[in-house]
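Colleague: let's see this in three dimensions:
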Amino acid sequence: MKKTTLLLLSFFFSIMLIAQETEKSFNPTISGYVGYEAFFDTYKSADTRDGEVYLYPLRQDLDVNGDDINKKLQFQMLSIQSRIKFASTGPDAFGAKTSAAIETDFLGISQNDVRQLRIRNAFLKLDWGTTNLLLGQYWHPTIYTKAIPGVIHFGAAAPFHPLHRSSQARITFNPSENLELLAAALIHGYHISSGPADAQRNAGLPDFQFRGIFKTDIFYFGANAGYKFLTPRLETATNLKTTKTVGSYNTHLFAGADIDPIHVSGGLIYGQNLTHFVMIGGYASSDVNDDYDYTNFKTMSIYADAYLKMDNLLFGGFAGYSKNLGADDDIMGPVIYGRALDASYIFRIAPRVVVVSGKTSFAFEYNLTGAAYGTAFDAKGKATDTDDIVVNNKLLFLAKYTF
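Modeller: Reported below is the predicted structural model:
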């Protein structure tokens, strides 16, 4: 692993040195940060990457004496979110200004690959002024980067706010200084929906997304909507060909304002099978036939984030709530795919403080996340009664050196 990392870094440094000597209009840069984290948890939870990506506390697991096995203090230290980015602007092409970037970190693409390099972002961009074309891996269009909550814990405040990067072709058009319109087609890569890994590829169609944003120097508000397609299997249990496909939509309304020294942002997300955003939801079979149809679980999530910046100090906080609204149709048949489908709702409150000195910052966050799990459900999988709320208290410290 160390050898691979050194070879990769040497390769990019060599390219940059050669480019600087041979092409003056080629302008490469290196940036990134080294991050160290230490955190305590009071309750076992759904997470991944050794706890780096934290989601919600698990359902109670009572032993023969009625003691909750999941109520256990845990401690972790990690540096895997440390990252490096190689970027460049270059000679004009096709009448457009060009740029490109490759960014990597050490999270891997799954728990089995943690501490290994992965592609975080890798894209090229052609900019004609009012119109630009981006090709490569980048943030999903439902995520407006300026509106990502400023939480200290890793993961863009998932599962309340989307977390997703994937390969895409996207066109952005700016008809005026204040208006931005976007259209994109995406294949999800390692941020796939729950269920069979090749379901989107087998559908033969990309995820289509559209976004509009109105922005000024002080505030912005926007809306995103899209539709994806999944074909979970190609043959039935009796070895017959099937092309049954399930489509699902996503919507996101968001807004924010910068009134120095205060920044506020928030949003509302509603959609079907939002698991590719690392959110709760999923889909299931909706009849008992050999060639069965599918139904989506609907999810609603609302979140807000705010911070106050005073010289080298930042005080902020995040709040989020997500609700499982059940499926569109009755759940029947043999399959059900998803995340936290036995939960009625989850919530989070996370205040934070950051101290900055030069290129180094120390950040502290208290993250209270709770979940209410269903004890009874209707035919559509929506909880009609819940158990006592389970809560995890996460105390997190992050030290970061940015370059």
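
Colleague: show me the helices in this structure, by range?
Modeller: Ranges of helices in the chain, per DSSP state H, are 2-22, 199-203.

Colleague: worst average pLDDT in those?
Modeller: Note on these: lowest mean pLDDT is at helix 2-22, with a mean of 54.

Colleague: who are the contact partners of residue 126?
Modeller: By C-beta atoms under 8 Å, 6 or more residues apart in numbering, residue 126 lies in contact with 93-94, 96-98, 132-133. (Glycine included, C-beta is placed from N, CA and C.)

Colleague: for residue 27, name its beta-bridge partners.
Modeller: Residue 27 has these beta-bridge partners by DSSP bridges: residue 89.

Colleague: could you check how many residues crowd around it?
Modeller: 14 (other C-beta atoms under 10 Å).

Colleague: how close does it get to residue 58?
Modeller: Here the criterion is C-beta to C-beta, to the nearest Å. By it, residue 27 lies 49 Å from residue 58.

Colleague: over to residue 353?
Modeller: For residue 353, the distance to residue 58 (C-beta to C-beta) stands at 29 Å.

Colleague: and these two? which has more neighbours close in?
Modeller: More crowded of residue 353 and residue 58, by other C-beta under 10 Å: residue 58, with 20 against 16.

Colleague: correct me, but that one touches residue 44?
Modeller: Yes. Counting by C-beta atoms under 8 Å, residue 58 touches residue 44, with 5.4 Å between them.

Colleague: what sits in contact with each of these two?
Modeller: In contact with both residue 58 and residue 44: residue 70, using C-beta under 8 Å, 6+ apart.

Colleague: so which residues of the stretch 251-400 of the chain form strands?
Modeller: Taking DSSP state E, counting those that start in this stretch, the strands of the stretch 251-400 of the chain run over residues 262-272, 281-285, 294-310, 313-327, 336-339, 343-357, 360-377, 383-386, 390-402.

Colleague: can you tell me the strand partners of the third one and which way each runs?
Modeller: What that stands for is strand 294-310. strand 262-272 (antiparallel), strand 281-285 (antiparallel), strand 313-327 (antiparallel).

Colleague: equivalent analysis for the longest one, please.
Modeller: Partners of strand 360-377 in the sheet, by DSSP bridges, are strand 343-357 (antiparallel), strand 383-386 (antiparallel), strand 390-402 (antiparallel).

Colleague: could you dump those to TSV with mean pLDDT and distance to residue 307?
Modeller: What follows is the strands paired with strand 360-377, written out as TSV (pLDDT from 0 to 100; distance: least, C-beta to C-beta, whole Å):
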stretch	mean pLDDT	distance to residue 307
strand 343-357	98	8
strand 383-386	97	33
strand 390-402	98	15
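
Colleague: for residue 51, find the nearest of those.
Modeller: strand 390-402 (9.1 Å; C-beta to C-beta).

Colleague: measure how far the closest one is from the centre of its chain, please.
Modeller: Strand 390-402 sits 18 Å away from the centroid of its parent chain (C-alpha atoms, centre = their mean, to the nearest Å).

Colleague: any idea how many residues pack against residue 381?
Modeller: When neighbours are counted by other C-beta under 10 Å, residue 381 registers 21.

Colleague: next one: phi and psi at it?
Modeller: phi 80, psi 10 (degrees, to the nearest 10).

Colleague: I'd like to know how far it sits from residue 347.
Modeller: Residue 381 is 20 Å from residue 347, by C-beta to C-beta.

Colleague: ok, now residue 205?
Modeller: In this view, residue 205 and residue 347 are 35 Å apart by C-beta to C-beta.

Colleague: of the two, which one has the most company?
Modeller: residue 347 (19 against 16).

Colleague: show me what contacts the more buried one?
Modeller: So residue 347 contacts 319-322, 369-371 (C-beta under 8 Å, 6+ apart).

Colleague: let's have those in JSON lines, adding neighbour count, distance to residue 158 and pLDDT.
Modeller: Formatted as JSON lines, the contacts of residue 347 follow (neighbours: other C-beta atoms under 10 Å; distance: C-beta to C-beta, whole Å; pLDDT from 0 to 100):
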{"residue": "319", "neighbour count": "19", "distance to residue 158": "15", "pLDDT": "98"}
{"residue": "320", "neighbour count": "25", "distance to residue 158": "9", "pLDDT": "98"}
{"residue": "321", "neighbour count": "16", "distance to residue 158": "14", "pLDDT": "98"}
{"residue": "322", "neighbour count": "26", "distance to residue 158": "10", "pLDDT": "98"}
{"residue": "369", "neighbour count": "26", "distance to residue 158": "11", "pLDDT": "98"}
{"residue": "370", "neighbour count": "18", "distance to residue 158": "16", "pLDDT": "98"}
{"residue": "371", "neighbour count": "29", "distance to residue 158": "14", "pLDDT": "98"}
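
Colleague: reformat the residues you listed as TSV; add distance to residue 387.
Modeller: Formatted as TSV, the contacts of residue 347 follow (distance: C-beta to C-beta, whole Å):
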residue	distance to residue 387
319	23
320	21
321	18
322	17
369	16
370	12
371	10
